[in-house]
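Asks: kindly generate the corresponding structure for this input.
(chains A and B)
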Amino acid sequence: MAEPANSSSKTAIMPRRDEDFPEWYQQVIRAAELAEPSDVRGCMVIRPWGYGIWENMQRHLDAMFRATGHRNAYFPLLIPLSYFAKEAEHVKGFAKECAVVTHSRLEADADGKLRPSSALTEPLVIRPTSETIIGASYAKWVQSYRDLPILINQWANVVRWEMRPRLFLRTTEFLWQEGHTVHETEAEAWAETKQMLEVYGRFVHDYLAVPIFSGEKSESERFPGAVQTLSIEAMVQDRKAIQAGTSHFLGQNFARASGIQFQNREGKQEFGWTTSWGMSTRLLGTLVMAHGDDDGLVLPPRIAPTQVVILPITPKQETRGAVLEACDKLAKQLREIRYVDVPIEVEVDRRDLGGGVKNWEWIKRGVPLRVEIGPRDLESAKVTMSRRDQATKMKESISMQEFVSHSAEVLDSIQRNLLERAKKFRDQHTRVIDSKDEFYDFFTPRDATKPEIHGGFALAHWDGSREVEEQIKNDLKVTIRVIPLDNSSESGKCIFTGKPSSCRVIWAKSY
RNA sequence: CGGGGUGUAGCUUAGCUUGGUAGAGCGCGUGGUUUGGGACCACGAGGUCGCAGGUUCAAAUCCUGUCACCCCGACCA
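Replies: The predicted structure is shown next:
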């Protein structure tokens, strides 16, 4: 993270982070071949490298879901408008961003232009989230307390008609998982809500190497229709917060709306207690902004689609065959080593390109380890290794055998280092603040016309009122990210109104 | 949806004020020299100048309309 590059040194990504962070972000995504905008406004094409990262995220998350008793299923993309309309708050929250299917066929008109014809009797909403359609199924499945709990997850795409799309962070269509559960008691549902937040926190921390703060959302930031929303928040390198995962305690709101009812142990009809929780491809954006540097993406080994790339150096035709052979042999040996439960992913880049070009391409893609093997290495049975978490020019020459036996260890060391850096960065920019002036100063850039990277997380007392939140949001675009849950809650006075406050909350600008 | 801006090759763009056959850099292809940190030389491919009208002998250039995208504001994983 961010030793500020001195302006004379050439970086692979222009502009640098400190020059124009949003533009840098876009350029990294392009240079790393993660994704690109499509012809459909707000939608993106996720390229193999980006999708590979997503697949790894899926793999690990899915294992964690299974381990906590959840199973996958799939529900329809199209939701009857009448289902959707059942929960009033839900409608209020999502209505503005719903895409609606109103017709079932195309017909050529007189000019030969295709036009929708045959209007549907009931319009269908493309799911922005699936509480209502899944609720309809659950209503049928749940009769008795013996049917509970229901613990289901689905991997799906959803559509939210956003006004301002940004690759990964906010796109019209995105990929995610949504867990939907029904429980017999309020306490169980709450335990589930918290458990899944904990799962998310562990995933992001252990696999993405991103430290998080967790807690509950204030009323204004709550999921539409939820009783309570919990969230994990990460800090990225422009010091803004990004919500990395959310878990909702839905109380009986959706059960009531969908008619999820069961006969309880006393023989009485009762509404189920439901939860829902989700993580999306937004995590890819989080990853880019959390670990990327001025040379491109930096991937934590645990989710990198390729952990080791082998670059054959073949300056002379005579040695070419031997070098390639050695590369293949090394790749084979590495693939026999398991790293986070599966064989290490290795790629031998045999493309006929200049060595420097290939090297830089892999730097930009963020592959954790680059290994060069050339004629000189062959003679001494060595390899030349570079780690993506270190300066790009740093190289280490070690024996091939040693490299093979230590590779998993080195990957772990990179993983740990990325987490450490991110943690240090976050802590450096997290501040306990006890006065309104200091708070305003903290969140005000010195150059208003071209705001520099500033601010961070502020831990400050808040009186719990919506008015204060509103005011701060208007003045500074700063919002409460989370109200820490467990917090060894130190009470105090609201720094804005002087009224009593039961704990410090986390304030930040956010994505 | 309000306010501002921009549309020229895959990307970045010059040309537009003052109409006269569309130029460059990067990238791409071929051949060669190269190759342990972003190589070089030669040749080459690629553009209905967003789209539709209009003015004119003649439109990338002027006029009208339209569409798309970008930035700024209100909403969001």
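
Asks: which residues of the stretch 351-500 of chain A lie near RNA strand B?
Replies: Contact residues (C-beta under 7 Å from any atom of the strand) of the stretch 351-500 of chain A with RNA strand B: A:354-357, A:359-361, A:363-364, A:372-378, A:383-384, A:386, A:391-395, A:474. Yep, even glycine has a C-beta here, placed from its N, CA and C like the rest.

Asks: the stretch 201-350 of chain A now?
Replies: Contact residues (C-beta under 7 Å from any atom of the strand) of the stretch 201-350 of chain A with RNA strand B: A:223, A:231, A:243, A:246, A:278, A:280-282, A:295, A:313-315.

Asks: show me the helices in the stretch 351-500 of chain A, by range?
Replies: For the stretch 351-500 of chain A, the helices defined by DSSP state H, counting those that start in this stretch cover A:355-365, A:375-380, A:400-428, A:436-442, A:466-476.

Asks: what's the answer for the stretch 101-250 of chain A, then?
Replies: Under DSSP H, counting those that start in this stretch, the stretch 101-250 of chain A gives helices at A:131-141, A:186-206.

Asks: nearest to residue A:414, of these?
Replies: Of all those, it is helix A:186-206 that lies closest to residue A:414, at 14.0 Å by C-beta to C-beta.

Asks: other SSEs contacting that closest one?
Replies: If you count contacts as 3 or more C-beta pairs under 8 Å, 6 or more residues apart in numbering; DSSP states H and E, helix A:186-206 packs onto helix A:48-67, strand A:173-183, strand A:228-235, strand A:241-249, strand A:273-280.

Asks: off-centre distance for the longest one?
Replies: Between the mean C-alpha location of helix A:48-67 and the chain-wide mean there is a distance of 11 Å, by C-alpha atoms, centre = their mean, to the nearest Å.

Asks: and the contacts of the helix or strand following it?
Replies: Sequence order places strand A:71-72 as the next helix or strand after helix A:48-67, per DSSP states H and E. Strand A:71-72 has contacts (C-beta atoms under 8 Å, 6 or more residues apart in numbering) with A:62, A:65, A:151-155.

Asks: now do strand A:71-72: distance to the chain's middle.
Replies: Its chain's C-alpha centre lies 21 Å from the corresponding centre of strand A:71-72 when counted by C-alpha atoms, centre = their mean.

Asks: listing partners with orientation, what would you give for the next helix or strand along the chain from that strand?
Replies: Downstream of strand A:71-72, the first helix or strand assigned by DSSP H and E is strand A:78-80. Using DSSP bridges, strand A:78-80 pairs in its sheet with strand A:114-126 (antiparallel).

Asks: just the buried residues of the strand it pairs with, please?
Replies: Neighbour-count burial for strand A:114-126, counted by 16 or more other C-beta atoms under 10 Å, picks out A:123-126.

Asks: also stretch A:201-212?
Replies: Neighbour counts over stretch A:201-212 (16+ other C-beta under 10 Å) mark A:201, A:203-212 as buried.

Asks: now stretch A:476-487
Replies: For stretch A:476-487, the neighbour count (16+ other C-beta under 10 Å) marks A:476, A:478-484 as buried.

Asks: could you chop chain A up by domain?
Replies: A:21-77+A:127-291, A:302-426, A:430-508 (automatic domain parsing).

Asks: worst average pLDDT in those?
Replies: When those are ranked by mean pLDDT, domain A:430-508 comes last with a mean of 90.

Asks: quick one: which two of the contacts of strand A:71-72 are the most distant?
Replies: Longest distance between any two of the contacts of strand A:71-72 is 15.0 Å, between A:151 and A:155; criterion C-beta to C-beta.

Asks: in a markdown table: the helices and strands packed on helix A:186-206, plus mean neighbour count.
Replies: Below are these laid out as a markdown table (neighbours: other C-beta atoms under 10 Å):
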| stretch | mean neighbour count |
| --- | --- |
| helix A:48-67 | 18 |
| strand A:173-183 | 22 |
| strand A:228-235 | 25 |
| strand A:241-249 | 26 |
| strand A:273-280 | 27 |
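
Asks: isn't residue A:302 right up against residue A:206?
Replies: Yes - with contacts counted by C-beta atoms under 8 Å, residue A:302 reaches residue A:206, the gap being 7.4 Å.

Asks: distance of the residue nearest the centre of chain A relative to residue A:53?
Replies: Chain A has residue A:283 as the residue nearest its centroid, 1.3 Å off, counting by C-alpha atoms, centre = their mean. Look at residue A:283 and residue A:53: by C-beta to C-beta, to the nearest Å, they are 9 Å apart.

Asks: follow-up on the earlier one: most tightly packed of the domains of chain A?
Replies: domain A:21-77+A:127-291 (a mean of 20; mean count of other C-beta atoms under 10 Å).

Asks: how long is it end to end?
Replies: 13 Å (C-alpha to C-alpha, to the nearest Å).

Asks: mind listing residues that contact stretch A:435-448?
Replies: Contacts of stretch A:435-448 (C-beta under 8 Å, 6+ apart): A:431, A:433, A:451-452, A:454-456, A:458, A:460, A:475-476, A:478, A:495-496, A:507, A:509.

Asks: at 10 Å instead, please
Replies: For stretch A:435-448, the surrounding residues in contact (C-beta atoms under 10 Å, 6 or more residues apart in numbering) are A:239, A:429, A:431-433, A:451-458, A:460, A:472, A:475-478, A:494-498, A:507-509.
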